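Trainee: Following is a predicted model, sequence given first.
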Amino acid sequence: MANSQETPSSPRFSTQEVTVVFFLGGPGSGKGTQSANLERDYGFVHLSAGDLLRAEQVREGSQYGELIRNYIREGKIVPMEITVALLSNAMADSLAATPPPAGTKARFLIDGFPRKLDQAVFFEDTVCPSELVLFLDCPEEVMESRLLKRGETSGRDDDNAESIRKRFRTFVDTSMPVVDAFQAQNKVVSVKATGSVDDVYAEIKSGIQARGLDPR
Ligand code: ADP
Ligand code: C5P
Ligand code: MG
């Protein structure tokens, strides 16, 4: 591009300053639970796309509240511009409020994103390329029973049998192709998620250690 008149758009954050790890897995596979462990031991800033969307849904003055509510109840993927803007701004806010220790890169664990191929491409082009993808591999029966149990106390509109069924459909049809695409780039650390929280975490640690990510 050296002689081109065009200026190629570059991502908002450079991989020299931040490390992005995507955390994928079906609904109820345990991403939020394990994110707390990774935040504690690896210095990750945990950003859950679902949490950011739920916060935007109830934010006073948001023009997207009703749209997000409907998409979430139907288990559908919210248009990516909304989700990517929320994530990108949350990263910027975090870097401004809590810069990483001197000489280290900030680490972001992006939970539940990208859930669709277009989101993956758009995020990596405009926000930051990912370093690694952590994937929790969990059968639907296990995820279903976890979600129904979580639904007893979560207050979430989508932790009910009908929404769960729709979320599983979306996961298989739309989100697994994202995992497969990253797999083809050899970026995925896949962990069986059926064991206890501690067992799953132990496997996550050894998987990411093997990719050069050390505790901090
Ligand atoms: P996700 O963020 O992937 O949807 P969560 O971390 O919210 O999943 O976990 C879903 C539910 O399952 C929660 O109620 C959580 O406490 C529970 N859970 C998570 N991991 C395990 C596990 N390894 N064994 C049993 N229950 C788990
Ligand atoms: O990850 P979580 O289970 O919290 O996501 C809840 C819902 O938020 C999803 O079922 C989907 O409707 C929406 N979502 C989305 N795009 C994402 C993440 C979540 O549309 N990347
Ligand atoms: Mg979650």
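Mentor: That came in fine, so what should we check first? Ligands and ions are numbered 1, 2, ... in the order given.

Trainee: Distance from the chain centre to the longest helix anywhere in the chain, please.
Mentor: Taking DSSP state H as the criterion, the chain has its longest helix at helix 80-97. Relative to its parent chain, helix 80-97 has a centroid offset of 13 Å by C-alpha atoms, centre = their mean, to the nearest Å.

Trainee: Now that helix: buried residues?
Mentor: 80, 82-84, 86-88, 90-91, 94-95 (16 or more other C-beta atoms under 10 Å). Placement of C-beta: from N, CA and C, glycine included.

Trainee: and ligand 1, which of these reach it?
Mentor: When contact is defined as C-beta under 6 Å from any ligand atom, the buried residues of helix 80-97 do not meet ligand 1 at all.

Trainee: Reformat the residues you listed as a markdown table; add distance to ligand 2 and pLDDT.
Mentor: Formatted as a markdown table, the buried residues of helix 80-97 follow (distance: C-beta to the nearest ligand atom, whole Å; pLDDT from 0 to 100):
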| residue | distance to ligand 2 | pLDDT |
| --- | --- | --- |
| M80 | 8 | 96 |
| I82 | 8 | 98 |
| T83 | 5 | 98 |
| V84 | 9 | 98 |
| L86 | 10 | 98 |
| L87 | 8 | 98 |
| S88 | 13 | 98 |
| A90 | 13 | 98 |
| M91 | 15 | 98 |
| S94 | 18 | 98 |
| L95 | 21 | 98 |
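
Trainee: In this structure, what residue comes closest to ligand 2?
Mentor: G50 (1.9 Å; C-beta to the nearest ligand atom).
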